[in-house]
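**Student:** Here is the input, now give the coordinates:
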Amino acid sequence: MKPTKFFSFVLLITAAACQSPAPKVEQPPLIDRELLFDAPEIAGGQISPDGKFISFIKPYKGTQNIWIKKLEEDFTAAKPITADTIRPIRSYFWTRDGKYILYSQDKGGDENFNIYAVDPKEAPAAGSDIPENRDLTNLKGVRVFIYAVPYTDPDAIYIGLNDRDKAWHDLYKMKISTGERTLIRQNSAT
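**Tutor:** Residues are numbered from 1 along each chain as shown. Okay, here's the model as predicted:
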């Protein structure tokens, strides 16, 4: 190694060693686990298709249920529209015309989901805090899947039911206003 290269190398190493260490940067505080993993106070907010209401999931009598309020109202004015005290309602959606809120729920954890409809503008049922929740499928031991919600027919949804054969879901068109089902396609192994 030539002396000038060696001298340059030693000078570079010496200069690097003489540098003062970077100042210690204060780390931000850790976020509490409860904040990240606890059930939220309010979740699943949605605006109705007509833009007049806000719906969301919040505890009612200790269990997650669907609440609604007018857009301009404070959250303290919100009213529950479901009142399940055993199983939390995890998700829901508005129908395309905004007339109903639909959600699926099982009974006691059996994982056989039925589809329910509630008219959020309806007054509470007699002797109740909430409007009537209609079980559109009203089946026991049958699992329901919602496949599609057509834009062209706001009173219809396409659902899969395994009522004929537990292994296969047949495709039905269901009227939300009446619960009437029409078989569209029977599913089979072949």
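
**Student:** thought residue 91 was touching residue 105?
**Tutor:** No. The criterion here is CB atoms under 8 Å, and residue 91 misses it with residue 105 at 10.1 Å. Every residue, glycine included, has its C-beta placed from N, CA and C.

**Student:** Between these two, point out the one with more neighbours.
**Tutor:** Under the criterion of other CB atoms under 10 Å, the comparison of residue 91 against residue 105 puts residue 105 first, with 18 against 11.

**Student:** what bridges to the more buried one?
**Tutor:** residue 114 (DSSP bridges).

**Student:** Provide a list of residues in contact with it.
**Tutor:** 84, 87, 89, 113-114, 116 (CB atoms under 8 Å, 6 or more residues apart in numbering).

**Student:** List the strands paired with the host helix or strand of residue 171, with their directions.
**Tutor:** Residue 171 belongs to strand 168-175 when assigned by DSSP states H and E. With DSSP bridges as the test, strand 168-175 is paired with strand 156-165 (antiparallel), strand 181-185 (antiparallel).

**Student:** Out of the ones you listed, which is the most enclosed?
**Tutor:** Mean neighbour counts were taken over these using mean count of other CB atoms under 10 Å, and the top value, a mean of 18, falls to strand 156-165.

**Student:** What are the contacting residues of that strand?
**Tutor:** The contact list for strand 156-165 (CB under 8 Å, 6+ apart) reads 95, 102, 115, 137, 139, 142-150, 168-176, 181, 184, 186-187.

**Student:** How about stretch 180-190?
**Tutor:** For stretch 180-190, contacts defined as CB under 8 Å, 6+ apart pick out 158-161, 164-165, 167-175.

**Student:** That one - what's its average pLDDT?
**Tutor:** Per-residue pLDDT values over stretch 180-190 give a mean of 88.

**Student:** Let me see the ranges of the strands in this structure.
**Tutor:** For the chain, applying DSSP state E gives strands covering 43-47, 53-60, 63-70, 79-80, 93-94, 101-105, 114-118, 133-135, 144-148, 156-165, 168-175, 181-185.

**Student:** Tabulate those strands (CSV), appending distance to residue 33.
**Tutor:** Shown next, in CSV, are the strands of the chain (distance: least, CB to CB, whole Å):
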stretch, distance to residue 33
strand 43-47, 18
strand 53-60, 20
strand 63-70, 20
strand 79-80, 29
strand 93-94, 31
strand 101-105, 29
strand 114-118, 34
strand 133-135, 35
strand 144-148, 34
strand 156-165, 38
strand 168-175, 39
strand 181-185, 45
